[in-house]
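Chemist: When you get a sec, could you give me coordinates for this:
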Amino acid sequence: MKILVLGGTGWVSSHVARIALETGHAVTCLTRSGGVPNGARSVRADRDTENAYDAVAGEQWDAVIDVAGEPGHVRRATAALKESAKRYIFVSTISVYASHAKAGLDETAERLPALEADTMQSMAEYGEAKVAAEDAVLAAFGADRSVIARPGLIGGPGDATGRTTYWPWRFAHPVDRTHIVVPDALDLTCAVIDARDLAAWLVHCASAEVSGTFNLLGEQLTFGEHLAVAREVAVAEGGAGVDEPRILPMPAEFLQEQGVNPWAGEKSLPLWIPGSENVAMSARSVAAARAAGLKLRPLADTLRDGMWWRGNNGGDAGLAAADEREIIAAWRARAGN
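Modeler: You can find the predicted model right below:
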């Protein structure tokens, strides 16, 4: 098959291009910069420009795979390629949904309103922007010639946010040899889909001519179970000081008093989502994707590979050592220990 990857140098798109090549497809990557995987044809273009697709619109494509975040990029791409591409596979997000309060909902759940502008003013408009991009794909290609892929939290090596690499890394490098600071939210549902598994499924959709809209989540575990896997990975890999690190759950109120943020970013505890309005973000139905061939590797593999990647590349999310020491000291002082 001839596959056009709109990207090919980013985290997910580079896996898409590599896996497509490994499975025997002819791959062209349309990118602003070079550095596409070996064996792929590189076409340089700036997707902010009106003529970005001139060099590829005249060719016939079996599938286009797009990971864009800006609606304008997708609107221009679908308009330029709707006559020359058989199928358009778009990587959206579960952030398109209007509510994350109820578990088990499928792809028919209500979405946010679409962003009218071509570009986001901030990441606060991310969900609305992806809704607009989905609409552009469906308007140009229809439901029978498109795939709308809505992944949840993507993880593994290459996760520059550090959300999925922090916990195994912290268990392998505990600040306090006996305790790891965690939020008291051990029943929260967590799901991490490996970027490599997501990419492999996208390529499968191209070759198998899959159509439809799909939630894509990793194995759904409680936060406590996720932490247990992270600890097992750290112990198995011989992390320093992992003989007896135990979790030290702290209530949301205390953590917020200490300036700890949820989910991601500096001074955060990744994967933690306080409050009931987002409690089911990682608890959506993935039955459709599984029926369409989604295959997942064990979470331990994702966390192990991510831990080693973080060791070589760092990551923003999580607690710095000094912050964790201060929080443990404040907790023990409050508890009178």
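Chemist: how close does the nearest residue to Q258 once chain neighbours are set aside sit to A283?
Modeler: Nearest residue to Q258, sequence neighbours excluded (C-beta to C-beta, 6 or more residues apart in numbering): I327, at 5.0 Å. (Glycine included, C-beta is placed from N, CA and C.) Distance, I327 to A283, by C-beta to C-beta, to the nearest Å: 28 Å.
Chemist: got it, and D62?
Modeler: For D62 relative to A283 (C-beta to C-beta), the value is 35 Å.
Chemist: More neighbours: which of I327 and A283?
Modeler: Between I327 and A283, I327 has the larger neighbour count (other C-beta atoms under 10 Å), namely 24 against 18.
Chemist: secondary structure element for the closest residue to V137 other than its chain neighbours?
Modeler: The shortest distance from V137 to any non-neighbouring residue, by C-beta to C-beta, 6+ apart, is to F90 (4.7 Å). Counting by DSSP states H and E, the element that carries F90 is strand 88-91.
Chemist: Now do stretch 205-219, average pLDDT.
Modeler: Mean pLDDT, stretch 205-219: 98.
Chemist: List the buried residues in that stretch.
Modeler: 205-207, 210-219 (16 or more other C-beta atoms under 10 Å).
Chemist: if we can go back for a sec, who are the contact partners of the residue nearest to Q258?
Modeler: By C-beta atoms under 8 Å, 6 or more residues apart in numbering, the contact set of I327 is 181, 250, 255, 258, 260, 319.
Chemist: could you redo the last one with a cut-off of 10 Å?
Modeler: 175-176, 181, 248, 250, 254-255, 257-260, 267, 269, 319 (C-beta atoms under 10 Å, 6 or more residues apart in numbering).
Chemist: just to revisit the earlier point, specify which member of the buried residues of stretch 205-219 is nearest to V279.
Modeler: When those are ranked by distance to V279 (C-beta to C-beta), L217 comes first, at 14.6 Å.
Chemist: hang on, the closest one packs against S282?
Modeler: Yes. Counting by C-beta atoms under 10 Å, L217 does reach S282; the two are 6.1 Å apart.
Chemist: Give me the common contacts of these two.
Modeler: Joint contacts of L217 and S282 (C-beta under 10 Å, 6+ apart) are 94, 152-153, 189-193.
Chemist: What is the burial count for E50?
Modeler: 8.
Chemist: Now it: closest residue in space that isn't a chain neighbour?
Modeler: R76 is the one closest to E50 (C-beta to C-beta, 6+ apart), at 6.8 Å.
Chemist: Please report phi then psi for that neighbour.
Modeler: phi -70, psi -40 (degrees, to the nearest 10).
Chemist: in the sheet, who's paired with the residue nearest to V137?
Modeler: D66, I148 (DSSP bridges).
Chemist: Contacts only, for it.
Modeler: Contact partners of F90, counting by C-beta under 10 Å, 6+ apart, are 6, 64-68, 74, 77-78, 130, 133-134, 136-138, 141, 146-150, 202, 213.
Chemist: re the thing from before, now that the residue nearest to E50 has come up, it's in contact with D118, right?
Modeler: Yes. With contact defined as C-beta under 10 Å, R76 reaches D118; the gap is 8.5 Å.
Chemist: and the two? which has more neighbours close in?
Modeler: Between R76 and D118, counted using other C-beta under 10 Å, the more crowded position is R76 (21 against 15).
Chemist: so how far is A140 from the more buried one?
Modeler: 11 Å.
Chemist: what does G311 give?
Modeler: From G311 over to A140 (counting by C-beta to C-beta), the distance is 43 Å.
Chemist: Those two: who's more crowded?
Modeler: A140 (20 against 14).
Chemist: Show me where the stretch 201-337 of the chain dips below the pLDDT cut-off.
Modeler: When residues are selected by pLDDT under 70, those of the stretch 201-337 of the chain lie in 239-244, 337.
Chemist: can you pull out the helices in it?
Modeler: Shown for the stretch 201-337 of the chain, the helices assigned by DSSP state H, counting those that start in this stretch span residues 223-236, 252-257, 287-291, 299-313, 321-335.
Chemist: contacting residues for A230?
Modeler: 164-172, 180, 247, 299-300, 303-304, 306-307.
Chemist: Please check the residues you listed and keep the buried ones.
Modeler: Buried among the contacts of A230 (16+ other C-beta under 10 Å): 164-172, 180, 247, 299, 303-304, 306-307.
Chemist: of the residues you listed, closest to A20?
Modeler: Of these, the one sitting nearest to A20 (C-beta to C-beta) turns out to be G306, at 22.9 Å.
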